[in-house]
Every structure is written in structure tokens, then in C-alpha cells.
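Colleague: Pasted the sequence and its predicted model underneath.
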Amino acid sequence: MPPGTGDTQLSMSQLIPVDGSVIVSTPQDIALMDARRGAEMFKKVDIPVLGLVQNMSVFNCPKCGHSTHIFGHDGAKVVAKELGLDTLVDIPLHLSIRQTSDEGAPIVVSDPESDQAKAYRNLADEVVRRLPEYKDPISKS
């Protein structure tokens with residue numbers, strides 16, 4: 001769903017069967033306020049929160065290799081702990097993620113062995129592992 005906890009998100013969560021939610025946030029304080037509200041909203045409507053993703057967690061300079069936490073350091077991990085949730089994965093801020101997505105060949109397709117692609121695969125693995133057994137809400141059986 002799009003960011004926020006307004007009427008759209010609340011209506012969607014009540015009208016569409018949802019087996020679990022994943023909260024995605026950058027580590028900066030302002031984004032974490034929305035992440036916290038989102039997690040609380042899902043709990044109120046009895047949708048399990050599978051965990052938090054810390055997006056754009058670190059920028060590693062391609063020239064010198066220096067790591068910079070542009071949006072803050074481990075903010076999503078702190079919020080996850082406060083809410084009793086796990087941090088599923090850290091997704092780095094990396095130019096190749098944006099470039100390959102814009103070109104229509106996301107990093108998991110265009111460079112599957114990269115650290116960035118591995119982070120997305122780890123996220124997918126974590127989500128599948130944490131989902132309850134799926135039951136088709138439309139099936140009569």
C-alpha cells in the first residue's frame with residue numbers, strides 16, 4: 001500500500017484479505033513516525049506485521065568505499081524493537097537499484113549476484129517464511 005494510515009489504507013486493509021504486512025521505512029525520524037503509525041494501524045485491524053524493512057539504510061561510495069548513513073543510523077531497527085517486531089532486512093541506497101528499475105530490469109534480474117539483489121531475495125525469503133499458511137479466501141473448498 002502507499003505510505004500513510006488514512007482512509008485509503010484503512011479501507012483497503014478491511015476490504016481485501018491480507019495475510020500479513022511489511023512496513024518499509026528509511027531510518028530517518030520523520031519516516032519512522034509514519035512507519036510506527038502504519039504498524040499500529042495493522043495491529044488494530046488484526047493484520048499481522050511480519051516485520052520492518054530499513055530502506056536506504058546506508059550509502060557506500062562507489063569511488064572510495066566509505067559508508068555514510070545519509071538518513072540516520074539504524075532508526076528502523078530501534079522502532080522495530082520498540083514495537084516488538086523484527087527488522088527483516090536492510091536495503092542499501094545504491095545507484096544501481098534505481099538505474100536498473102528505471103530501465104525495466106530490476107537489480108534481482110539484471111545483476112542477481114550483487115549484494116543489492118541478495119538483500120531483496122533475503123527479504124522475499126523472510127516474508128515467505130513468516131507468512132501463515134495461505135488459504136484462498138475465494139475458494140469454496
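Modeller: Perfect, I can see it now. Numbers count the residues shown, from 1 in each chain.
Colleague: contact partners of the biggest strand by length in the chain?
Modeller: The strand that spans the most residues within the chain, counting by DSSP state E, is strand 49-60. Under the contact criterion C-beta atoms under 8 Å, 6 or more residues apart in numbering, strand 49-60 has outside partners 20-27, 35, 39, 42-43, 66-71, 74-77, 79-80, 83, 85-94, 123, 126-127, 130-131. C-beta here means a position set from N, CA and C on the backbone, and glycine is covered the same way.
Colleague: now do stretch 91-101
Modeller: So stretch 91-101 is contacted by 53-60, 62, 70-71, 106-107, 109-111, 114-116, 119-120, 123 (C-beta under 8 Å, 6+ apart).
Colleague: let's see it at 6 Å
Modeller: For stretch 91-101, the surrounding residues in contact (C-beta atoms under 6 Å, 6 or more residues apart in numbering) are Asn55, Met56, Ser57, Val58, Phe59, Pro106, Ile107, Ser110, Gln116, Ala119.
Colleague: now it, how far from the centre of its chain.
Modeller: In terms of C-alpha atoms, centre = their mean, to the nearest Å, the centre of stretch 91-101 is set 15 Å apart from its chain centre.
Colleague: picking that back up, make a ChimeraX selection of the buried ones in the contacts of strand 49-60.
Modeller: The buried residues among the contacts of strand 49-60 can be selected in ChimeraX (16 or more other C-beta atoms under 10 Å) with this line:
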select :21,22,23,24,25,26,27,35,39,42,71,74,75,76,77,79,80,83,85,87,88,89,90,91,92,93,94,123,126,127,130
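Colleague: Okay, and which of the contacts of strand 49-60 map to strands?
Modeller: 21-25, 67-68, 87-93.
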